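Trainee: Need the 3D shape of this:
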Amino acid sequence: MSWQQVASCALDSAYKYPLPLGPRLHRSSSREELKSLTMDLRQELVYNAKLAEQAERFDEMMDAMNRVAMLDTQLTAEERNLLLVGYKKVTSAKRASLHVLASTELKEATKGNQGRVRITTEFRHKVEAELDRICNNVIETIDKHLLPFSSDAKSKVFYYQMKGDFYRYLAELKMGPEIFEVADQSLKAYETASKIAEENFSPADHIRLGLALNISVFYYEIMDSPDRACQVAKQAFDEAVVELESLNEDDYNDSTMILQILRNNLALWNSNMDIDADDAPEWTGKGGAPGNPPA
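Mentor: Predicted coordinates:
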């Protein structure tokens, strides 16, 4: 993207987004001024996202970081994590809402309360539409504004894994053949991320481990294949343990945290207990701790 296009994007974002930078932009600004203002806008959007996170206003955090992504430039590791946390916090809340609504819908249907079933179903469809829109929006942002400007292995794995995750969330909303169509897109993204990760990172690296964890959750939850889920999780666990001591302290702590989740999931999946698939935690990145249900 040319500097003129970047500046135009910054200008449009500034007028749309309620930040102090907006009034300082003028159509007559020079190239150097527009470049400087674009950087100022980026910094202010990132600050706004951090502020929104502290205030637990995750929709605004998501929107701010999405505008950073649309500047068509390579994001820093911090910016990538802010983008991920914003989107995952918003989608996690909506997925949790859908679990509650589905449970309520079933309970009211069991009682024969058709009026309440209709109301609950309409509410569920509304939340599903919101989640569908958000997932498709982040996938489009990744494809159009992030992957084309990513030159290093870490960012590429990050975005392809993120695509796989949000296609997985979309698959949760689908019925019949649509599930497999969306699941196939999720698997393709995960496989692309895996290929890059295997070529660039050791089995004990938290990037590769986190990816393996989420792929195993995909097989368990979406593909209904506990055997394959356990295979992926166990292979990742066994290969990482051998090389764990070669990591520095920070990476060691990140990796051991994911290894513990892998071990816990394996214990759940290998048991004969009636465990809901949504009880399997996934890795949500350094900016968000794994939890129940997956974020």
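Trainee: From the contact counts, what lies against the longest helix anywhere in the chain?
Mentor: Of all segments of type helix in the chain, defined using DSSP state H, the longest is helix 77-111. Judged by 3 or more C-beta pairs under 8 Å, 6 or more residues apart in numbering; DSSP states H and E, the packing partners of helix 77-111 are helix 31-54, helix 58-69, helix 114-141, helix 153-171. Where you see a C-beta, it was placed from the backbone N, CA and C, and this is true even at glycine.
Trainee: what angle sits between the last one and helix 114-141?
Mentor: Yep, that's helix 153-171 we're talking about. With axes from the mean of the first three to the mean of the last three C-alpha atoms, to 10 degrees as the basis, helix 153-171 and helix 114-141 are set at 160 degrees to each other.
Trainee: So which residues make contact with the following helix or strand past helix 153-171?
Mentor: On the C-terminal side of helix 153-171, the closest following helix or strand by DSSP states H and E is helix 177-200. Residues external to helix 177-200 that are found in contact with it (C-beta atoms under 8 Å, 6 or more residues apart in numbering): 153, 156-157, 160-161, 163-165, 167-168, 170-171, 174, 205, 207-208, 211-212, 214-215, 218, 222-223.
Trainee: are any of these buried, and which?
Mentor: Neighbour counting over the contacts of helix 177-200 (16 or more other C-beta atoms under 10 Å) leaves 156-157, 160-161, 163-165, 167-168, 170-171, 174, 205, 207-208, 211-212, 214-215, 218, 222-223 as the buried ones.
Trainee: Adding distance to Glu199 and mean pLDDT, write the helices and strands packed on helix 77-111 out as CSV.
Mentor: Conversion of the helices and strands packed on helix 77-111 to CSV gives the following (distance: least, C-beta to C-beta, whole Å; pLDDT from 0 to 100):
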stretch, distance to Glu199, mean pLDDT
helix 31-54, 30, 83
helix 58-69, 25, 98
helix 114-141, 24, 98
helix 153-171, 7, 98
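Trainee: How far away from the center of its chain is stretch 207-221?
Mentor: With C-alpha atoms, centre = their mean, to the nearest Å as the basis, stretch 207-221 stands 13 Å off its chain's centre.
Trainee: what is the mean pLDDT for that stretch?
Mentor: Here the mean pLDDT over stretch 207-221 is 97, rounded to a whole number.
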